[in-house]
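[1] Quick one: sequence and predicted model below, then my questions.
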Amino acid sequence: MDLQVRDARITDIDRIMALLERARRVQSADSGDIADLLRRLVYLPNASLSIVTQGREAVGAALLTLRPSVSAAGLIGTIDLFVHETSDAGDVAELLLAELVRSARNKGCVLIEAPAPARGGELRRWQALGFHNIGTRLGRPISPTVASA
């Protein structure tokens with residue numbers, strides 16, 4: 001079945017929460033607060049919540065949040081990536097990262113960052129998309145989009 005990546009809608013929050021619980025990224029006691037936060041983030045202009053579905057199941061989600069930085073002379077995007085460990089996990093992660101890089105560029109980010117992954121295979125995937133180590137995190141400069149004439 002094909003993977004589909006798109007902006008998350010408010011109706012996707014339950015599927016994203018199920019994904020987070022399967023990946024043990026949230027405790028059941030915190031799930032109500034996290035679900036409420038995700039619902040708010042769907043509507044905020046300084047955040048992008050993306051989802052990858054396979055059929056009706058969420059197999060990946062990612063959050064891009066923006067913050068201004070004087071030292072970076074622009075906006076910095078921070079990525080949180082959540083992928084269900086399946087045989088397609090690499091493809092799901094690549095789809096989400098490509099979507100968030102596009103979104104960050106469209107929102108005017110000069111840099112995006114993320115926590116460094118623990119596994120070497122995941123790190124190579126991030127590096128292939130232009131990320132490099134910046135301390136304990138990964139970063140990727142974003143070049144501005146050039147308007148075509």
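    Arrived safely, thanks for sending. Residues are numbered from 1 along each chain as shown.

[2] Asp88: neighbouring residues, count only.
    Close neighbours of Asp88, defined as other Cβ atoms under 10 Å, add up to 18. (C-beta placed from N, C-alpha, C; glycine too.)

[3] List the contacts of it.
    3, 54, 59 (Cβ atoms under 8 Å, 6 or more residues apart in numbering).

[4] In JSON lines, list the residues you listed along with neighbour count.
    Converted to JSON lines, the contacts of Asp88 look like this (neighbours: other Cβ atoms under 10 Å):
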{"residue": "Leu3", "neighbour count": "16"}
{"residue": "Gln54", "neighbour count": "16"}
{"residue": "Val59", "neighbour count": "26"}
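
[5] can you put the residues you listed in JSON lines and add distance to Arg124?
    JSON lines is the format used below for the contacts of Asp88 (distance: Cβ to Cβ, whole Å):
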{"residue": "Leu3", "distance to Arg124": "20"}
{"residue": "Gln54", "distance to Arg124": "23"}
{"residue": "Val59", "distance to Arg124": "21"}
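
[6] Going by distance to Ala47, which of the residues you listed wins?
    Nearest to Ala47 among the contacts of Asp88: Val59, at 21.0 Å, using Cβ to Cβ.

[7] Tell me the strands beside the one helix or strand Val5 maps to, with direction?
    In this structure, Val5 sits in strand 3-7 according to DSSP states H and E. Strand 3-7 sits in its sheet next to strand 47-54 (antiparallel), going by DSSP bridges.

[8] Tell me the helix or strand right after the strand it pairs with.
    Following strand 47-54 toward the C-terminus (DSSP H and E): strand 57-69.

[9] buried stuff in the helix or strand following that following strand?
    Heading C-terminal from strand 57-69, the first helix or strand you meet, by DSSP H and E, is strand 74-83. For strand 74-83, the neighbour count (16 or more other Cβ atoms under 10 Å) marks 75-79, 81-83 as buried.
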